[in-house]
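A.B. asks: here is my input; please provide its structure:
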Amino acid sequence: MTTPRKKAASGEAGDRQSRRKMETRQKLIRATVEVMAEKGPHAPTISEITEAADVGFGSFFNYFKSKDEIREAALEELVDRFGGEIDKVAAFVADPVEVFASSMRIAVATLLRRPEWADFLLRIGFDRSHQTRGLYPRMRRDLQAAVDSGRLTVEHTDASALAAAGAFLGMLSGVRSGVVPAAGAPERIAAAVLGMLGLPKDDIARIVARPLPREVSVAKLAKM
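C.D. replies: You can find the predicted model right below:
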């Protein structure tokens, strides 16, 4: 007969094992981001990832079937780390164009605090319109809301969203390479995208100068 004490001990052991598995998975994902940020999405081997994670090579396959699978998992987890927080902007900002710009500013500011995240995203790419998770679908959603409200007029939302994503990535790459000044980069990138979408200059200047919602902390996001 199993006593309550034995059941509790068994439960604690199970919890420890689950935590260890989660910690190992997180170590592999962090290592994937770091290694692919440096070498690109295809150059690293699985052994390089496990070495960077300080995890046994064989353990990798307890969590992922391939390098492609862990790359996708790393991308989704990285973006979802701060994507959910970015989603909160709409609750505190009334103007849908400002939501679009503020979300972009927060994303840029967060990525610049974590350059390995920025380099990973730049290496992986942003043209992932088939995905339902990540930064691109959020950007498209916010752009569609601005169009639906009448604040922006574009001929084709998908094409405009992809162009905005490309501009976002291109300028982020410029910041990382030193071509675009890092100081004021979140506002500069948001202003460039809004200008490309046809918003008047006065509107752009006002929107990018507004304070970001206090409820969404870039410092907190960068520590996630």
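A.B. asks: show me where the protein dips below the pLDDT cut-off.
C.D. replies: Across the chain, the ranges flagged by pLDDT under 70 are 1-14, 126-134, 221-222, 224.
A.B. asks: which residue is nearest the middle of the protein?
C.D. replies: The centroid of the chain falls nearest to residue 79 when counting by CA atoms, centre = their mean (2.7 Å).
A.B. asks: so that one sits against residue 137, correct?
C.D. replies: No - under the criterion of CB atoms under 8 Å, residue 79 makes no contact with residue 137, lying 9.7 Å away. Where C-beta positions appear, they are placed from N, C-alpha and C, glycine not excepted.
A.B. asks: the helix or strand encompassing residue 165: how far from the chain's middle?
C.D. replies: Using DSSP states H and E, residue 165 sits in helix 157-177. The chain centre lies 14 Å from the centre of helix 157-177; the measure is CA atoms, centre = their mean, to the nearest Å.
A.B. asks: neighbouring contacts of the helix or strand just after that helix?
C.D. replies: Per DSSP H and E, the first helix or strand lying C-terminal to helix 157-177 is helix 185-196. Outside helix 185-196, the residues that touch it by CB atoms under 8 Å, 6 or more residues apart in numbering are 97, 100-102, 104-106, 108-109, 112, 163-164, 167-168, 171-172, 175, 180-181, 201, 203-205, 207-209.
A.B. asks: now the helices: where do they sit in the protein?
C.D. replies: Applying DSSP state H to the chain gives helices spanning 4-39, 46-53, 67-86, 89-92, 96-113, 115-124, 135-148, 157-177, 185-196, 201-209, 218-222.
A.B. asks: out of those, deepest packed?
C.D. replies: helix 96-113 (a mean of 24; mean count of other CB atoms under 10 Å).
A.B. asks: touching stretch 27-45 from outside, list them.
C.D. replies: With contacts defined as CB under 8 Å, 6+ apart, stretch 27-45 is touched by 48-50, 52-55, 60, 63-64, 67, 70-71, 73-74, 77-78, 116-117, 119-120, 123-124.
A.B. asks: go with 10 Å
C.D. replies: 46, 48-55, 57, 59-60, 62-64, 67-68, 70-71, 73-78, 114-125 (CB atoms under 10 Å, 6 or more residues apart in numbering).
A.B. asks: swap in stretch 82-89?
C.D. replies: 76, 79, 98-107, 110-111, 114, 117, 133-135, 137-139, 141-142, 212-213, 215-218, 220-222, 224.
A.B. asks: try it again with 6 Å
C.D. replies: 99, 102, 103, 106, 110, 213, 216, 221 (CB atoms under 6 Å, 6 or more residues apart in numbering).
A.B. asks: distance to residue 29 for those residues - can I get that in JSON lines?
C.D. replies: Converted to JSON lines, these look like this (distance: CB to CB, whole Å):
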{"residue": "99", "distance to residue 29": "29"}
{"residue": "102", "distance to residue 29": "28"}
{"residue": "103", "distance to residue 29": "24"}
{"residue": "106", "distance to residue 29": "22"}
{"residue": "110", "distance to residue 29": "17"}
{"residue": "213", "distance to residue 29": "29"}
{"residue": "216", "distance to residue 29": "24"}
{"residue": "221", "distance to residue 29": "17"}
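A.B. asks: I'm done for today, thanks for sticking with me.
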